[in-house]
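Student: sharing a model prediction with you, sequence too.
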Amino acid sequence: MGAIFSAIGGAINAVISAIASILMIIVSVIVTIIVTIFDVIFDILCCNCFGGRTRRTGTHRYRFGGRRGGAATAAY
């Protein structure tokens, strides 16, 4: 009888763990999207307000206005 309850408890534990993992992934994706949006907004504000063409607050590096001798407008 104890083995049956142990198996049922293990199954419930596995289901709850799977649901918790999915919720953690969803929260992580939402936070990543929000941070990326704020990163882009602050980069635009920094470039416009402080006059630094390549000043960055985040992980990517944008070059507004291009480079001399090159037609690239953004470098990742």
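Tutor: That came in fine, so what should we check first?
Student: quick one: low-confidence residue ranges for this structure.
Tutor: 48-76 (pLDDT under 70).
Student: try 90 this time
Tutor: 1-4, 39-76 (pLDDT under 90).
Student: can you give me the helices in it?
Tutor: 2-49 (DSSP state H).
Student: can you report how many residues neighbour Thr36?
Tutor: 13 (other CB atoms under 10 Å). Bear in mind the C-beta positions are built from the backbone N, C-alpha and C, glycine included.
Student: try the one 5 residues further on
Tutor: Residues near Ile41, counting by other CB under 10 Å, number 11.
Student: show the contacting residues for it.
Tutor: Contacts for Ile41 (CB atoms under 8 Å, 6 or more residues apart in numbering) come out as none.
Student: gap between it and Ser21?
Tutor: 31 Å (CB to CB, to the nearest Å).
Student: can you check Thr36 too?
Tutor: Applying CB to CB to Thr36 and Ser21 gives a distance of 23 Å.
Student: and if you look at Asn13?
Tutor: 12 Å.
Student: now do Met1
Tutor: Counting by CB to CB, the gap from Met1 to Ser21 is 31 Å.
Student: neighbour count winner among these two?
Tutor: Counted by other CB under 10 Å, Met1 and Ser21 do not tie: Ser21 has more neighbours, with 10 against 5.
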